[in-house]
Structures are given as C-alpha cells and as structure tokens.
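Trainee: turn this into a model:
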Amino acid sequence: MQTENYRRQILIGLGLTLVAIVAMGVAWLTEPARMAEASDTVAKASILQGRQIYVANCTPCHGTRGEGGVGAALNDKVLLSKATDEVLAGFIAVGRPNSLMPAWSQQNGGPLTDEDIRYVVSFIRAWQPTAPTVTTGVVISDAARGLSLFNGTCFICHGENGQGGGIAPAINNPARLGALDDNWYRQTINGGRPARGMPTWGTVLSPSQIEDIIALVDAWRKGEKVLPTTTVADLLDQALFALSQKDDKDALFYLNRAKPLAFGPGLAQLDPIVATIQSGDLTKALSDLGEFRKQWPIGDAVKGAAVYKDACIGCHGSDGQGGVGRRLKPSQFIQTSTNAELLTLTLTGRVNTAMRGFAGRLTEEQLADVIAFLRTWQQP
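Mentor: As a prediction, this is how the structure comes out:
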C-alpha cells in the first residue's frame, strides 16, 4: 500500500501562515502611525470647517482671533484650560442668560447643527497651545490718547505738542523731561501747582486719562513721535462749534489741525473754507463747513470692497445679504444717512447689539472707503 506524501503541501501552508503572521505584525506595528495620521487629517478638517462657521457667525462679538469685544475673549489660556469641550459646546448650544450670547443650536432655535457646534469647538480648542492669558479690568495707558487729551486741554498753557509758547513752561523739552520723573508729573497733574497758576486736574480728568497723559510724557522722554487719535471728523465738529460762537481763531486752529490728517477729494475743500474765515465772512464759512461736514468722509469704493471683505463680511454677508447684522444691499438706512452719520455709527457701534464700534481697529480713511463701497450697493 502506497502512502501519499503531503510534505510539499504542508511546507506551502506553513509558508503562507508565516507570511500572514508577518503581514499582521507589520500592520499591527504601523497601525498607531496610520491611525494618528488619519486622526490628524480628521482634526485638521474639523478645524477648517469650524473656522468657516466661526468667521461667518462669531467674529462680530468674539473677534476674528477670539480676542473678544462685545462678547468674551475665547482665545484665553485660563478659559481653555478650565472649560472642557462639552462646556464650550453647551455655551454655544444654549447661549448665556442675561447676556448678548444667544442660543446657536437648532434645538434651541439657532442655525447650527450639533456637528457644526463640534466643528466650532475644535477651531476654538486649536488656540489653546498658544493662547495668551487675558487680563480683564486693567486699562493700559496710551500715549496717542494722551496727546489728544493734551491738545484739547493742556496746549493752551503748554503749547501745541507741549513745546511751549503759552503761559506755562514747555513740557516736551529733553532737559526738563530728564530731570522730572513720571511720578512728579502724576502728582502735579492731580494736585496742581496753585502758586504757579497750575490748576488741579485731578477733579477734572479721570485716573485713566491722567495715566494716558503720563504715557505721553514718557514717550516724549524717550524721543518717540506720537500721533493723536483725533479724527478729522472730531476736528471739523470743533471748528463748527467755534464758528457758531463766531470764534474765528479757534475755528482756524482746528481746521489747520485737520488738514494734515485729511484725505481724498475732501482735502481740497478745506482751503477755500479757511480762506472764507480769513476774509471775515463767518456766516458763509459756517454754512460751507456745515455742508462739508455732512459729506465727510469721502472715500474710495474700490479700496472699501477689500476692507468690507476683511472686517464686515462675517456679520453682513459676502453680498450684503445680512446675517447676524442687517441687510446692506440695499439699505434704506444707508440711503437716508449722511456720510457723517454713517461714520459715527461705524466708529461707535450700536449699544446692546452685535455691532461693535471700529474706533481703534479701522482708521477713519478705511471707514470712509467702506462707506463709499456701501454707497455702490444703493444705486439702482
């Protein structure tokens, strides 16, 4: 009886089994890296999706980088270290009672799905590794604000930009600045120097305003050039008031201060008004300046389209269709408002709404350009 030889089949089977074991081992060894790569891809996609939703819905209150504004700062190391993803998602979903934060989930009447909210949380969470610690309730002094205050109150005695020429010493003087420290100026501003005719400003200016002036003094001491935050619109208003009081000297002073800051086609209209004041016809000057003030500022619509895209699209939509903010294309409000009124609105914002003022974030010229751009949407 002949016995069959299965040795060849057994060897083949053992070989295939060995190959399978090796393949499973390689797969097992590479699986963590593959899973990590897949997880990283999914995370990046979630963050990108969350960014799009955040920009479209959240920037008006929380800022483009989570810096806060009307709403709380979200790019905050303390907040992100303490709040879990579930807590952040809960705030977004149901809102915050007794605040301007509405509910965003569809279950609570909002526009976002649960998945949308998870995407937004992923985007916010991505800030955590580099998030700063946000300090609230601390006012940082500002030399530019200080210069505006100085030129509105102190220049009468100490001269424009503190360079003297009045009844008091020049402050913007290297020798004097080197001899007297900030604390001396702080005490002098607060308490005055009655024997030398220096009034007490501590009862007129707030502590933060005094600190702004101290910041200005410190900047002068360092030899820094400081530009005021005053807008051309502010100076025109002051000139208008001076003319209404038949004070031609103050009116000329404010208009001459406005000329270096003015821009666009409106710049050419200032000289004729100045000439009218100098001729003594204050009635005509008041009328001409009043009309010019309604037109100011005059911007560039092409540049305004770019500014709108960067600063306004999140609230008002890419084509002015509205969203969190009002519809702007078309807008009866824009059609019936002067440039001056629109500038005031964009600078100061609307109280108790998501519309924040852009003072300190966009220049007067940038706002003028946006206004010019919005005008193009009102044309039939």
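
Trainee: what bits of the stretch 101-250 of the chain have low per-residue confidence?
Mentor: 135-140, 166, 228-229 (pLDDT under 70).

Trainee: show me where it has helices.
Mentor: Assigned by DSSP state H, counting those that start in this stretch, the helices in the stretch 101-250 of the chain fall at 114-125, 143-149, 155-158, 174-179, 182-191, 207-221, 232-244, 248-258.

Trainee: count the neighbours of Gly63 for me.
Mentor: For Gly63, the neighbour count with other C-beta atoms under 10 Å is 18. No exception for glycine: its C-beta is placed from N, CA and C like everyone else's.

Trainee: who's in contact with it?
Mentor: Gly69, Ala73, Asn75 (C-beta atoms under 8 Å, 6 or more residues apart in numbering).

Trainee: mind checking the SS state of the residue nearest to the last one when sequence neighbours are not counted?
Mentor: Counting by C-beta to C-beta, 6 or more residues apart in numbering, Asn75 lies nearest to Gly66, which is 3.1 Å off, once chain neighbours are set aside. Taken by DSSP: H, G, I helix; E, B strand; the rest coil, the conformation at Gly66 corresponds to coil.

Trainee: ok, how many other residues are close to Gly66?
Mentor: Number of residues near Gly66 (other C-beta under 10 Å) recorded here: 23.

Trainee: wait, it touches Ala73, no?
Mentor: Yes: taking C-beta atoms under 8 Å as the definition, Gly66 is a contact partner of Ala73 at 6.4 Å.

Trainee: and the residue nearest to Asn75, how close does it get to Thr133?
Mentor: Applying C-beta to C-beta, to the nearest Å, the value for Gly66 to Thr133 is 13 Å.

Trainee: same question, Gln106
Mentor: Gln106 is 34 Å from Thr133, by C-beta to C-beta.

Trainee: what about these two, which has more around it?
Mentor: Gln106 (14 against 9).

Trainee: show me what contacts the more buried one?
Mentor: Leu112, Thr113.

Trainee: circling back: now list whatever residues contact both of Gly66 and Thr133.
Mentor: By C-beta under 8 Å, 6+ apart, the residues touching both Gly66 and Thr133 are Asp76.

Trainee: mind checking the end-to-end distance for stretch 252-269?
Mentor: 14 Å (C-alpha to C-alpha, to the nearest Å).

Trainee: stretch 155-171 now?
Mentor: 10 Å.

Trainee: domain assignment for this protein?
Mentor: Per the record, the chain has its domains at 35-130, 143-221, 233-295, 301-376, by automatic domain parsing.

Trainee: pull the residues that contact stretch 84-95.
Mentor: Residues contacting stretch 84-95 (C-beta under 8 Å, 6+ apart): 83, 101-105, 107-108, 110, 112, 114, 117-118, 120-121, 124-125.

Trainee: swap in 7 Å and give it another go.
Mentor: Met101, Pro102, Ala103, Trp104, Ser105, Asn108, Ile117, Arg118, Val120, Val121, Ile124, Arg125 (C-beta atoms under 7 Å, 6 or more residues apart in numbering).

Trainee: in PyMOL, select just the buried ones from these.
Mentor: This is the PyMOL syntax for the buried subset of those, where burial follows 16 or more other C-beta atoms under 10 Å:
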select buried, resi 101+103+104+105+117+118+120+121+124+125
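
Trainee: okay if I get the contacts of stretch 84-95 as CSV plus distance to Arg375?
Mentor: Output for those, formatted as CSV (distance: C-beta to C-beta, whole Å):
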residue, distance to Arg375
Met101, 33
Pro102, 31
Ala103, 36
Trp104, 33
Ser105, 38
Asn108, 38
Ile117, 38
Arg118, 41
Val120, 34
Val121, 39
Ile124, 36
Arg125, 41
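
Trainee: which of the contacts of stretch 84-95 sits closest to Thr153?
Mentor: Nearest to Thr153, judged by C-beta to C-beta, of these is Met101 at 39.1 Å.

Trainee: give the contact list for that closest one.
Mentor: So Met101 contacts Gly71, Gly95 (C-beta under 7 Å, 6+ apart).

Trainee: equivalent analysis for the one 3 residues further on, please.
Mentor: With contacts defined as C-beta under 7 Å, 6+ apart, the neighbours of Trp104 are Ile92, Ala93, Gly110, Pro111, Leu112, Ile117.
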